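Engineer: Take this sequence and fold it.
(2 chains)
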Amino acid sequence: MTPLTPAETEALLLSLRVSSVAIACTFPPAFAAALFIARKTFPGRGLVDGILHLPLALPPVVIGYLLLMIFGTREPFGAWLETHWGIRFAFSWTGAALAAGLMTFPFQYRAIRLSLETQDAGLIQAAETLGASAFDRFLSVTFPLALPGVVAGLITAFSASLGEFGAIITFVSNIPGETRTLPLAIYSALQQPGGETEAARLSAISITLALIGVACAGLADRRLNRALRA
Amino acid sequence: MTIEVSLRHNFGGFLLDSAFRIERAGVTALFGPSGSGKTTIINAVAGLLRPDHGRIAIDGEVLLDTNAQIFVPARLRRTGYVFQDSRLFPHLTVRRNLLFGARRAQDGAILPALSDVVELLGLAPLLERKPARLSGGEKSRIALGRALLSGPRILLLDEPLAALDPQRKSEILPWLERLRDSVRLPMIYVTHAIEEVSRLAENLIVLHDGKVAASGSVFDLLSDPALGRLVPAHGTVFPAKVLEHRSDGLSALGFDGGIILIPQVARPPGSRLRVRIGAEDVIIARARPEAISANNVLPVQVGGGHAQSGTHVDVGLRCGGVRLIARITRASWERLGLGEGEDIFAIIKSVAVDPQTGPAPNGPE
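Structural biologist: As a prediction, this is how the structure comes out:
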């Protein structure tokens, strides 16, 4: 394979940046939501759980549209954010990260929730009788035991973010160097006469990234599970 | 050391309404069938359960008083809790499990040294392992060590042997005896196994349907004929001392009522042990029998009450400071027509006496 062209490198690096920021910003709320749903019982818990899964069920273009309705520069909230805080999501790579993060939220939430639900609640009681405060119990017991789920969720969400198309193109359009991630670049190539070769090269990059992601997931899973058994 | 507990707690139709005091260090067994409220009580003592009403105090320090709105959280109560399922932290080595509580101890707590506890419970070869690689018996010992190392004022043991098979149980019992004899801590030991009560406990609280049905010294209660309906496999337990090992294969044990002969025990003369004699293993006779295979014919006095239930009668027999129980049929009871204070003989086969040492393949000697 010949070295990447500047446009390809740009799309690749942008994809990696958008996905990294997306999963990093989604992680805290995903963990908090997972902890809340795994530990609490309240009426409407199933409904809340369903709403948290919604990005999986909704068409991505609908998510993109909803984001546009909230964060668009002409919408009240979007305008307020920009004038008071200087934060702009529309037509910016941060908006792409927001869309990708929202779309892949359920992957993180679900993996973390499952790993918390399989935890023995008795271990928390044991830590309590041994003098650990609530924060201490979280840091020394809950979080380390949830780590396999956390890592699985992060890797799945990262891979899915790399592939996000519909929500990104709807919300922040297809701007080279700003919001044109790999899938959008492939789409653009296919729109041009004779762009098939370019599309094939970009697809090869995507496939390589996906393979690396799968390999990392397998490796991390084995490492973490060994840490519990050794 | 005084522990005062009084609780009322209602969960879905079951009412726990119990009160008791423990006045000294040593093992207090909380005994009763499943669902009698045992675990609820120690969970309340540990602070893992908040009862509807109640008061719990250790040495005058109030841990719970629902009237005064006092509830000390579990982490500040300094109760060492040994759970039935061990609950070791799977991501930590044995060493870090053992030190979990010690690292979080309150200022001024007197902590035992890791090396002492490792030595006491034989944990040295296990220190760098993870819990997944341990047997059930090893996990139980580490859970004991972890609780001890947190510097508790009291140890709460919730059926620590219930999850183990009989072989592992007999491996752990000697360690528990060793713990009882070397650590002067009050321990509340929850169990539904009378063998564990008779082997380990000094005090006994019998729970029935959420209420305290009887409480007192284990030696008094287990030899109370009236308790037969609450305690399965009824029998007397009393302390004894190995006097000598005889050339005929018997060991002579001295107790507060005379001498009893049993098949040779693997303990040196002078060592103390507990002897258990089941009510069903005691025969009574008005006259001293001659030419009989049983090695023990003890002069006793009918006394301490008797209890009739169905087809049998449990008869109390005074033998010095010890009370034996003989379980005989109602027919025999009526035929003998025994009166209170009457001098008779108790006949006990040597092989029926349980010296409560148990096999201890890997345990301490």
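Engineer: How is chain B divided into domains?
Structural biologist: B:3-222, B:235-352 (automatic domain parsing).
Engineer: and chain A, which of those domains is closest to it?
Structural biologist: domain B:3-222 (3.6 Å; Cβ to the nearest Cβ). (Each C-beta comes from the backbone N, C-alpha and C, glycine too.)
Engineer: Isn't residue B:2 up against residue B:56?
Structural biologist: No: Residue B:2 is beyond contact range of residue B:56, at 11.6 Å (criterion: Cβ atoms under 8 Å).
Engineer: The two: who's more crowded?
Structural biologist: Neighbours per residue, other Cβ atoms under 10 Å in any protein chain shown: of residue B:2 and residue B:56, the larger number sits with residue B:56, 25 against 12.
Engineer: Just the element for the more buried one, please.
Structural biologist: strand B:53-58 (DSSP states H and E).
Engineer: Sketch out the helices for chain A, chain order is fine.
Structural biologist: A:6-39, A:45-52, A:54-57, A:60-71, A:76-80, A:93-117, A:121-129, A:134-137, A:143-162, A:166-172, A:182-191, A:196-229 (DSSP state H).
Engineer: Now do the contacts for residue B:340.
Structural biologist: Taking Cβ atoms under 8 Å, 6 or more residues apart in numbering or on different chains, we find residue B:340 in contact with B:302-303.
Engineer: Make sure residue B:356 is indeed in a strand.
Structural biologist: No: per DSSP: H, G, I helix; E, B strand; the rest coil, residue B:356 lies outside any strand segment and is coil.
Engineer: which SS state does the nearest residue to it once chain neighbours are set aside fall under?
Structural biologist: Nearest residue to residue B:356 in three dimensions, chain neighbours excluded: residue B:274, at 4.3 Å (Cβ to Cβ, 6 or more residues apart in numbering or on different chains). Here residue B:274 is strand, with the state taken from three-state DSSP.
Engineer: Just the C-alpha atoms of stretch B:101-111, please, in PDB.
Structural biologist: Extracted C-alpha coordinates of stretch B:101-111, given in PDB (Å, rounded to 0.1, in the frame of the first residue of the first chain):
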ATOM      1  CA  GLY B 101      -9.300  -3.600  57.200                       C
ATOM      2  CA  ALA B 102      -6.000  -3.000  58.900                       C
ATOM      3  CA  ARG B 103      -5.200  -0.100  56.500                       C
ATOM      4  CA  ARG B 104      -8.600   1.400  57.200                       C
ATOM      5  CA  ALA B 105      -8.500   1.100  61.000                       C
ATOM      6  CA  GLN B 106      -9.400   4.100  63.100                       C
ATOM      7  CA  ASP B 107      -6.700   5.900  64.900                       C
ATOM      8  CA  GLY B 108      -5.900   4.300  68.200                       C
ATOM      9  CA  ALA B 109      -7.200   0.900  67.400                       C
ATOM     10  CA  ILE B 110      -5.000  -1.900  68.600                       C
ATOM     11  CA  LEU B 111      -4.200  -4.100  65.600                       C
END
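Engineer: measure residue B:46 to residue B:73 for me?
Structural biologist: 10 Å (Cβ to Cβ, to the nearest Å).
Engineer: Give me the below-cutoff pLDDT ranges for the chain.
Structural biologist: All of this is about chain A. A:1-2, A:229-230 (pLDDT under 70).
Engineer: Sorry, I should have been clearer: chain B.
Structural biologist: B:233, B:357-365.
Engineer: Alongside chain A, which residues does it contribute?
Structural biologist: Applying Cβ under 8 Å from any Cβ of the partner chain, we find that chain B lies next to chain A at B:46-48, B:73-81, B:83, B:85, B:87, B:89-91, B:100-101, B:104-106, B:130, B:132-133, B:146-147, B:150.
Engineer: shouldn't residue B:161 be in contact with residue B:140?
Structural biologist: Yes: if you go by Cβ under 8 Å, residue B:161 and residue B:140 touch, sitting 7.2 Å apart.
Engineer: May I have the secondary structure class of residue B:48?
Structural biologist: coil.
Engineer: For it, give its distance to residue A:26.
Structural biologist: 35 Å.
Engineer: Looking at these two, which is more packed in?
Structural biologist: residue A:26 (26 against 20).
Engineer: quick one: contacts for the nearest residue to that one once chain neighbours are set aside?
Structural biologist: In space, and not counting its chain neighbours, residue A:26 is closest to residue A:101: 4.1 Å by Cβ to Cβ, 6+ apart. Listed by Cβ under 8 Å, 6+ apart, the contact partners of residue A:101 are A:21-23, A:25-26, A:161.
Engineer: Could you do residue A:8 as well?
Structural biologist: Counting by Cβ under 8 Å, 6+ apart, residue A:8 has contacts A:185, A:201-202, A:205.
Engineer: now for the top helix by length along chain B, which elements pack on it?
Structural biologist: For chain B, the helix reaching the highest residue count under DSSP H is reported as helix B:166-182. Under the contact criterion of 3 or more Cβ pairs under 8 Å, 6 or more residues apart in numbering or on different chains; DSSP states H and E, helix B:166-182 touches helix B:114-121, helix B:136-149, helix B:194-200.
Engineer: Format these as JSON lines; extra columns: distance to residue A:45 and mean neighbour count.
Structural biologist: Below are the helices and strands packed on helix B:166-182 laid out as JSON lines (distance: least, Cβ to Cβ, whole Å; neighbours: other Cβ atoms under 10 Å in any protein chain shown):
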{"stretch": "helix B:114-121", "distance to residue A:45": "43", "mean neighbour count": "17"}
{"stretch": "helix B:136-149", "distance to residue A:45": "33", "mean neighbour count": "25"}
{"stretch": "helix B:194-200", "distance to residue A:45": "41", "mean neighbour count": "22"}
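Engineer: Understood, closing this out.
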